[in-house]
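Q: the sequence and its predicted three-dimensional model are supplied below.
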Amino acid sequence: MVRRIKNRLRSKRGESLAEVLIATLLSAVAMVMLSSMIFTSNRIVTHSKEVTQKYVTENNRIVEKKGTYREGSVSVKNSSGEVMKLTDSSPSYLTAWYYVNNSLSNVPVAVYKKGSE
Amino acid sequence: MKRKIHNVLRSRAGASITFALLLFLVCAVVGALVLTASTTASGRMSELAKMDQRYYGVTSAANLISGELCDKPVEIERTRTITTVKTTTYRITVTGSQTTVAPDIPTISSEASYNTRINDVDVTTTPKVVSNYDPSNPDTVGTPLGIDTMSFLTARAARLLFDKTCNTDAAMNASMKNGTAHEGTFRISHDVMGLSADKLATDCKYEILKDGTLRLTFWNADGADKYSLLVTMEPTIEERQSEDSTSKVDRVYGESTEYDYADVVTTEVVLTKYASIKWSVKSVEKVYYEASTEEGG
């Protein structure tokens, strides 16, 4: 097989029309494939940029604790799993406001703070 | 060289298919590389978000807990009242016109009563009373504080001062500036719609040092990769005491056949000790997470 390829490479015989056509077709397919890959890659990068931009903007919003929030509760449990009050004046369940960055829906990022009673 | 180029130009030898195959291969490899690079770049985003999820979960917990504990004083007031009763009995003897008053050996009895109030609440329900109080041999059995029923901050202050019992002379002499070091853990749990409680849950190890410094180490309860933060809270301790003494003498006549009258001197010495502690955030720093951190007692 190797010998055959070697011979083929050394051969001084010209190419037939069929061979040239096949080679041209192959080259064309290769070029189309490469260009589509570059195009797809470009689209991925652009989309990724947009997602990053949105993610960073949303992150800035939640860090500054601005905009919409969800209300929930925070409790502190001791090593026995019982809910305990943090101070004598604290409620057992503290109201908390959760600012959520959902721009990457599969990984929600949340910042929370003590909410108003 | 010129000849070589001339030969190449005139040559009829070809390698169209080989060249095309080679070009195809090069294009495929380059294309695959470009695609892989862009896919990896976009894949990093979710990893970044997971890191942020851990980071913001822990920092939020640290802010909320330290904010809630900051500048909330815990005031503890201890009172010991020592009541000493000295009774001297007298017998009157009348011989002719002479009246002799002879005192007997006085009897002395002492009693100590203790009371402890934390944040103006009596934690011992009733004052503990020790009969036959002897200052050289003070009672060693105190009243359990019931720390489990107290709030976190009150329990930390009470344990720093008393360890587990109060209403003893040892508890009266205790100081928050050289108290009982102790540690433990707790978990911050969440209940919020649309968010995973497990991902938000944060564990915390608290350490109270002898000088009252409160160290809170937070880390993510969920997952193998944990972000860890140490909040150091500095104590402001105020301690003072006051002593008040009152004395009264009562004369009692003929209550017994053994004596004619008795002088009863009742002395009451009230020692009040006041201690208050409050914490403020001194520093917040990122620390390396160690699995041994979770083994808090």
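A: Here it is on my side, so go on. Numbers count the residues shown, from 1 in each chain, chains lettered A, B, ... in the order given.
Q: what's the helix or strand for A:Tyr98?
A: Taking DSSP states H and E as the criterion, A:Tyr98 maps to strand A:93-101.
Q: quick one: buried residues of that strand?
A: For strand A:93-101, burial by neighbour count (16 or more other Cβ atoms under 10 Å in any protein chain shown) applies to A:Leu94, A:Ala96, A:Trp97, A:Tyr98, A:Tyr99, A:Val100, A:Asn101. Where you see a C-beta, it was placed from the backbone N, CA and C, and this is true even at glycine.
Q: looking at those residues, which is nearest B:Ile105?
A: A:Leu94 (65.6 Å; Cβ to Cβ).
Q: give me the spatial nearest neighbour of the closest one, chain neighbours excluded.
A: A:Val74 (4.6 Å; Cβ to Cβ, 6 or more residues apart in numbering or on different chains).
Q: element containing that neighbour, please.
A: Element membership for A:Val74 (DSSP H and E) is strand A:70-78.
Q: now the spatially most central residue of chain A, what's its secondary structure?
A: In chain A, the residue lying closest to the centroid (Cα atoms, centre = their mean) is A:Ser48, at 6.8 Å. Classification of A:Ser48 using DSSP: H, G, I helix; E, B strand; the rest coil returns helix.
Q: the closest residue to chain A within the stretch 51-200 of chain B: neighbour count?
A: Per Cβ to the nearest Cβ, B:Val192 is where the stretch 51-200 of chain B lies closest to chain A, at 2.7 Å. As a burial measure, B:Val192 scores 20 neighbours (other Cβ atoms under 10 Å in any protein chain shown).
Q: was I right to think the residue nearest to the centre of chain A contacts B:Thr40?
A: No. Using Cβ atoms under 8 Å, A:Ser48 is not in contact with B:Thr40, being 10.1 Å away.
Q: B:Thr83 reaches B:Thr266, doesn't it?
A: Yes. Assessed by Cβ under 8 Å, B:Thr83 is found in contact with B:Thr266 at 6.7 Å.
Q: show me which of the two is the more surrounded one.
A: Between B:Thr83 and B:Thr266, counted using other Cβ under 10 Å, B:Thr83 has the larger neighbour count: 17 against 14.
Q: centre of the chain to the one helix or strand that one maps to, how far?
A: Element membership of B:Thr83, judged by DSSP H and E, is strand B:74-95. How far strand B:74-95 lies from its chain's middle: 41 Å, per Cα atoms, centre = their mean, to the nearest Å.
Q: list the buried residues in that strand.
A: B:74-84, B:86-89.
Q: over to stretch B:275-285?
A: Neighbour-count burial for stretch B:275-285 flags B:Ala275, B:Ser276, B:Ile277, B:Lys278, B:Trp279, B:Val281, B:Val284 (criterion: 16+ other Cβ under 10 Å).
Q: and what of stretch A:55-63?
A: Under the neighbour-count criterion of 16+ other Cβ under 10 Å, stretch A:55-63 has A:Tyr55, A:Glu58, A:Asn59, A:Arg61, A:Ile62 buried.
Q: mean confidence score for it?
A: The pLDDT scores in stretch A:55-63 average 91.
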